[in-house]
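Asks: A predicted structure for the sequence below; I have some questions about it.
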Amino acid sequence: MLAVLALRAGEIVSTDRLGEVVWGDHAPRTAANTLQHHVSYLRGVLGDRAAIVARAPGYVLYADTDLLAVQRLMELSKREADPAGRAAHLRAALACWRDRPLVDVAGHAWLDEQAERIAALRTDAVDALTEVRLSLGEHALLVPELEWRGREQPFHEHVHGQLMLALYRCGRQRRAQRRTSACGNTLGEELGIDPNPALRELEAAVLRQDTALD
């Protein structure tokens with residue numbers, strides 16, 4: 001129940017939605033009263049009776065959750081003109097993750113979908129931070145990190161593109177080309193698709209040693 005409220009912090013979550021998550025298709029006749037007891041208990045855990053407020057047709061959690069903090073910091077990073085400032089916001093956002101999202105409530109379809117959404121948000125933050133670090137000239141430091149991510153996420157073409165660019169800027173053009181070929185082979189063999197246009201364009205730019213990549 002707390003997970004559902006936290007995922008929709010500041011918004012009304014209906015008692016129907018809460019009941020569905022807590023009991024599925026087997027909600028007891030006393031569901032409304034039981035939810036009230038749950039809310040009372042959670043207020044005690046949170047140490048603030050105003051943290052969860054009854055608002056028809058359900059309840060609202062008023063709290064600055066990690067998810068809200070991440071979304072706020074990522075938005076700030078987009079507005080920041082200074083690359084170092086963008087990197088600081090993104091690092092602060094990534095520091096909000098301490099474990100797998102919703103690790104204690106796995107097994108419910110809707111919550112599992114939300115966990116995947118939050119995990120994808122982390123990937124976006126890591127990708128954005130990598131872009132900033134590339135713009136700051138940290139390509140040599142990024143190569144081992146990107147090689148590890150490439151092994152962990154073999155179908156994430158953006159990571160392979162970032163690795164190819166980092167390798168190229170380190171003077172390792174042939175290694176950069178081999179990385180693109182390996183990514184293309186993996187996508188073709190495993191998913192039956194070709195690399196996306198952006199990756200193909202990057203490969204072509206590496207082959208012609210385009211000065212725009214420097």
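Replies: Perfect, I can see it now.
Asks: what does the lowest-mean-pLDDT helix or strand in the chain contact?
Replies: When each helix and strand of the chain is scored by mean pLDDT, DSSP states H and E, helix 173-186 comes last, with a mean of 73. The contact list for helix 173-186 (C-beta atoms under 8 Å, 6 or more residues apart in numbering) reads 150, 154-155, 157, 160, 163-165, 167-168, 194-195, 199, 202-203, 206-207, 209. (Glycine included, C-beta is placed from N, CA and C.)
Asks: whichever of the residues you listed end up buried, select them in PyMOL.
Replies: Buried subset of those, written as a PyMOL selection, criterion 16 or more other C-beta atoms under 10 Å:
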select buried, resi 150+154+157+160+163+164+165+167+168+195+199+202+203+206
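Asks: among the contacts of helix 173-186, which are in helices?
Replies: Using DSSP state H, the subset of these located in helices is 150, 157, 160, 163-165, 167-168, 199, 202-203, 206-207.
Asks: and the residue most central in space within the chain, how far is that from Ala69?
Replies: The centre of the chain sits closest to Leu121, judged by C-alpha atoms, centre = their mean, with a distance of 1.8 Å. Leu121 is 12 Å from Ala69, where distance means C-beta to C-beta, to the nearest Å.
Asks: separation between Asp48 and Leu67?
Replies: 19 Å.
Asks: comparing the two, which residue is more hemmed in?
Replies: Leu67 (18 against 11; other C-beta atoms under 10 Å).
Asks: looking at this protein, which helix is longest?
Replies: Under DSSP H, the chain gives helix 109-135 as its longest helix.
Asks: tell me the buried residues in that helix?
Replies: 111, 114-115, 118, 121, 125-134.
Asks: by pLDDT, give me the weakest of the residues you listed.
Replies: Least confident by pLDDT among the buried residues of helix 109-135: that is Leu111, with 91.
Asks: quick one: contacts for it?
Replies: Counting by C-beta under 8 Å, 6+ apart, Leu111 touches 3-4, 21, 102, 105.
Asks: in helices, which of the residues you listed fall?
Replies: Per DSSP H, the subset of the contacts of Leu111 in helices is 3-4, 21.
Asks: for those residues, which one is nearest Pro57?
Replies: Val4 (14.2 Å; C-beta to C-beta).
Asks: just give the nearest non-adjacent residue to the closest one, would you?
Replies: Val21 (5.1 Å; C-beta to C-beta, 6 or more residues apart in numbering).
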